[in-house]
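> Quick check, what structure comes out for this input:
(2 chains)
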Amino acid sequence: MENQELEKKMMSIVGADGSIEEVEVILAFEFKDTKKEYVIYTKNEKDENDNITVYVSNVDRSSGEPKLLGVDDEEEWNRVKDVLRELSKAE
Amino acid sequence: MQDQIDLLESDDLKLVKEEKPRKKLKFKFPSMYSVRKRYSAFRKKVTELKLERAKEKLTGYTIDNNDVNAVDKIKKRAKHIAKLEGKLKYEREKTLRKAYIKSRAIKLSNKMIAEVRMNADETYWNLPPDKIDELLSSTQGRYKPEVKKQPEPKKEINLEKDLQNDLSKQVTAAMNEEKAVKEQATKVETSMANNRITSENEQQLESDMNKEALDLVNKAKEEVKPVETINQDTAKQAIDNGFNEQEKNTNNNAQRSFNQFNDQLMHEILPKEQVVNTVEKPFQPKEVVPEKIETEELQLPSVIPQMGTQLPSVVEQKGTQLPSVLEEREMPIVAPERKEEAKEQELNLNKLIENATSTDELDELLQMIKEKEAQQEQSKQEVEAAKAKEAEAKAKAQQANEEYQAKKTFLLEKCNAIDEDTRHNKEQSQQITERAQKFAEEAEIKMQKAAQVEKMIGPVATNVRPVEATQSQGKSR
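Reported below is the predicted structural model:
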């Protein structure tokens, strides 16, 4: 029930092949020091263990228009994971 | 770790191009839910903050009291604020009443108007006395200086203003009255026109009725005309002739029978000498007449039983026929051709009557006369009915005419009264306008004088605290 009460924020992603997929944004944040912006989203896909797949992309605004990039840097990726881990802890 | 990040609303992330492949992670539902929850709470806060800021912006900005459109501006702003509040409420409670924004806007506008008033009062009363003096001495201030400091001239002005207002009111009232009177006059005119139309209709009706009556009369005349041809005199003569003829015949018959009877008596009862004497004596009809009449009385039932029945009927016919014929004579003159025809018919009838020797023929003639008489009576009745109708129509027309005249006179009187009223009103309004002009001129002179006095005193500073400041003060309080 609580899940239904939360307002979903949706986003449309245009793939390299031109396909568009609708995803739900779970989180958007930026690191204070690097000023790098990240967006975490899901397509609500579940695996056999009922785990939900979540995707992480780096938001690039250098060209003015926001673009989704991957997280190449390992350290950066670990940092993101830490943030998510912390936020996922129950309040 | 939370200190190192800033959550972003990222409202612009709606349609984004993916240039490089994303990273993948697997979450258990509760942990993902808690992340989502935190993020949604954050977003909610952000939107609330935004709304609050917008609201603050709207409420922080004050409206000038001197602005002509102040109330409209307040209402507009109240609507904006109500919308924002509605959004906020929806964000917080996820529900919103249908008429919430409208009712809230009304409440807010009322509150704001009251606040503006209060602030204005506050600014006035919070001013130090010297500033109040300055303000009061200025003519451009929102508060008229004459109210507190200079009561006497203000009173005068007020009196003048009141008078002017009264005069203007009177003028407007007079104008309204004039308008009303004009409207009434137009109404009366229209009603008069309607009356004219109705009277015309009535006249037309009357003429139609008259025409109908005339037609009926003419018809009746036409019907009567053939009957007219039988003259009273001719009928009389015919009857008389018939009667005389019959009388002669009966007399002759009676005389013959009397002679026969006498002869028999002479032969049977009287002696032969007497008989001879009597035979020798010539017949003297003059001496016999009284006897003859006596015998006639005796003989009548036996000799001419038909005559006994016929004669009274003839007499009766005479009695009934005469007045009807006379009445018919009162009718308008008949065409000459018809008259001739009637004469011819009359003559024929006379001839017929003269030639009629038997009682049967006489009976036929009498029957004919009777029929004609009946026809005459019928036509007479019709004529009378037509006359009655005509009289009725005439009476109606007369009544309508009288009514129309009465109405006309009444309306004319009314019109005259209205005209007099309008004249009176016009005079009054003229007087009032003249008075108003005089007062205006006087007021202008006084105003000029006041301006001169102001100039003599010197310029007045207008250091009035802005309303915004007071408003914010009030809020802080």
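> so B:T172 is in which element?
Following DSSP states H and E, one finds B:T172 within helix B:151-228.
> Then B:Q381?
Applying DSSP H and E as the criterion places B:Q381 in helix B:359-457.
> Which phi and psi values does B:K17 adopt?
Taking degrees, to the nearest 10, you get phi -90, psi 140 for the backbone angles of B:K17.
> got it, and A:I26?
Here is the backbone geometry of A:I26 (degrees, to the nearest 10): phi -100, psi -40.
> Burial check on it, number of neighbours?
Counted with other CB atoms under 10 Å in any protein chain shown, the neighbours of A:I26 add up to 27. Heads up, the C-betas are built off the backbone N, CA and C, glycines and all.
> looking just at contacts, which helices and strands does the helix holding B:Q381 meet?
helix B:151-228, helix B:232-268, helix B:305-329, helix B:336-355 (3 or more CB pairs under 8 Å, 6 or more residues apart in numbering or on different chains; DSSP states H and E).
> same thing but at 7 Å, please
Under the contact definition 3 or more CB pairs under 7 Å, 6 or more residues apart in numbering or on different chains; DSSP states H and E, helix B:359-457 sits against helix B:151-228, helix B:305-329.
> hang on, isn't B:R36 packed against A:L6?
Yes. Assessed by CB atoms under 7 Å, B:R36 is found in contact with A:L6 at 5.9 Å.
> Of those two, which one has the most company?
Remark: of B:R36 and A:L6, B:R36 carries more neighbours, 24 against 15, as counted by other CB under 10 Å.
> still on that earlier bit, let me see the mean pLDDT of the helix holding B:Q381.
The predicted model assigns helix B:359-457 a mean pLDDT of 88.
> and if you look at stretch A:24-33?
Taken as a whole, stretch A:24-33 has an average pLDDT of 93.
> what comes into contact with the strand or helix carrying B:A82?
Using DSSP H and E, B:A82 falls within helix B:70-93. Contacts to helix B:70-93, defined as CB atoms under 7 Å, 6 or more residues apart in numbering or on different chains, come from residues B:44, B:47-48, B:51, B:54-55, B:58-59, B:63-64, B:67, B:96, B:100-101, B:104-105, B:108-109, B:112-113.
> Against A:I13, how distant is B:K14?
Distance, B:K14 to A:I13, by CB to CB, to the nearest Å: 10 Å.
> of the two, who's got more company?
A:I13 (21 against 12).
> give me the residue from chain A nearest chain B.
For chain A and chain B, the shortest gap (CB to the nearest CB) falls at A:S88, measuring 3.4 Å.
> residues contacting that residue?
Neighbour list for A:S88: B:27, B:31-32, B:34-35 [criterion: CB under 7 Å, 6+ apart].
> Please identify the helix or strand for the residue nearest in space to the middle of chain A.
Centroid-nearest residue in chain A, with CA atoms, centre = their mean: A:I40, separated by 1.0 Å. Using DSSP H and E, A:I40 falls within strand A:37-46.
> can you pull the alpha-carbon coordinates of that strand into PDB?
Taking C-alpha atoms only, strand A:37-46 is exported to PDB below (Å, rounded to 0.1, in the frame of the first residue of the first chain):
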ATOM      1  CA  GLU A  37      25.300  14.000 -11.500                       C
ATOM      2  CA  TYR A  38      23.900  10.400 -11.400                       C
ATOM      3  CA  VAL A  39      20.500   9.000 -12.100                       C
ATOM      4  CA  ILE A  40      19.300   5.600 -10.800                       C
ATOM      5  CA  TYR A  41      16.300   4.100 -12.500                       C
ATOM      6  CA  THR A  42      14.500   0.800 -12.900                       C
ATOM      7  CA  LYS A  43      12.300  -1.000 -15.300                       C
ATOM      8  CA  ASN A  44      10.900  -3.000 -12.400                       C
ATOM      9  CA  GLU A  45      12.400  -6.300 -13.700                       C
ATOM     10  CA  LYS A  46      12.600  -9.100 -11.200                       C
END
